[in-house]
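**Student:** Dropping a prediction and its sequence here:
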Amino acid sequence: PWRQRRAKSQAIGPSRGGQTTKVHTLTDTIGRPYAFALTSGNASDTKGADLLLHRVGGAHYLLADKGYDANVIRKCLRQNGVVPVIPGRINRKRRIAYERTRYRDRHLIENAFCRIKDWRRVATRYDKLARNFLSAVAIAILLAFWV
């Protein structure tokens, strides 16, 4: 139906808690976001990674959670000279080696999301249009980290 197609074009998708959106972001070494993208709540994290991988330039390491564990992402990062610090999913047949000590710094990314979601407009997504919600995310990032 029309409503379902419209929701997908506005980055809204079903999850356990209802209709939702995922915000994917790249941060610098101290946890300040500098690139971000939206996907619907039911989209895989690898789709969000595809939207942001071209912005990684100059990084030595990329820290991500298990949702971004895909051979395609790892291969793309290594081709660009970036070391992926991504733990393997539990259902992998071959274990993935990653730097556990470096992975501990991923809390900076989670802290960034907490600061972004301090803004009620971002945490609840009242905006119907994806561009309006993305603008609200951009304003929240700008005010929380860069001003």
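**Tutor:** Here it is on my side, so go on.

**Student:** so where do the strands sit in the protein?
**Tutor:** In the chain, the strands defined using DSSP state E lie at 13-15, 18-27, 33-40, 61-63, 83-85.

**Student:** Below-threshold pLDDT in the chain: ranges please.
**Tutor:** With pLDDT under 70 as the threshold, the chain has low-confidence stretches at 1-8.

**Student:** who are the neighbours in contact with the residue nearest to Val122 when sequence neighbours are not counted?
**Tutor:** Of all residues not flanking Val122 in the chain, Ala140 sits nearest, at 5.0 Å (C-beta to C-beta, 6 or more residues apart in numbering). C-beta coordinates here come from the backbone N, C-alpha and C atoms, glycine included. Remark: with contacts taken as C-beta atoms under 8 Å, 6 or more residues apart in numbering, Ala140 is in contact with Ile116, Asp118, Trp119, Arg121, Val122.

**Student:** Which of those sits closest to Ile12?
**Tutor:** When the contacts of Ala140 are compared for distance to Ile12 (C-beta to C-beta), Val122 comes out closest, at 14.4 Å.

**Student:** Now do the contacts for the closest one.
**Tutor:** Taking C-beta under 8 Å, 6+ apart, one finds Val23, Ile116, Phe133, Ala136, Val137, Ala140 in contact with Val122.
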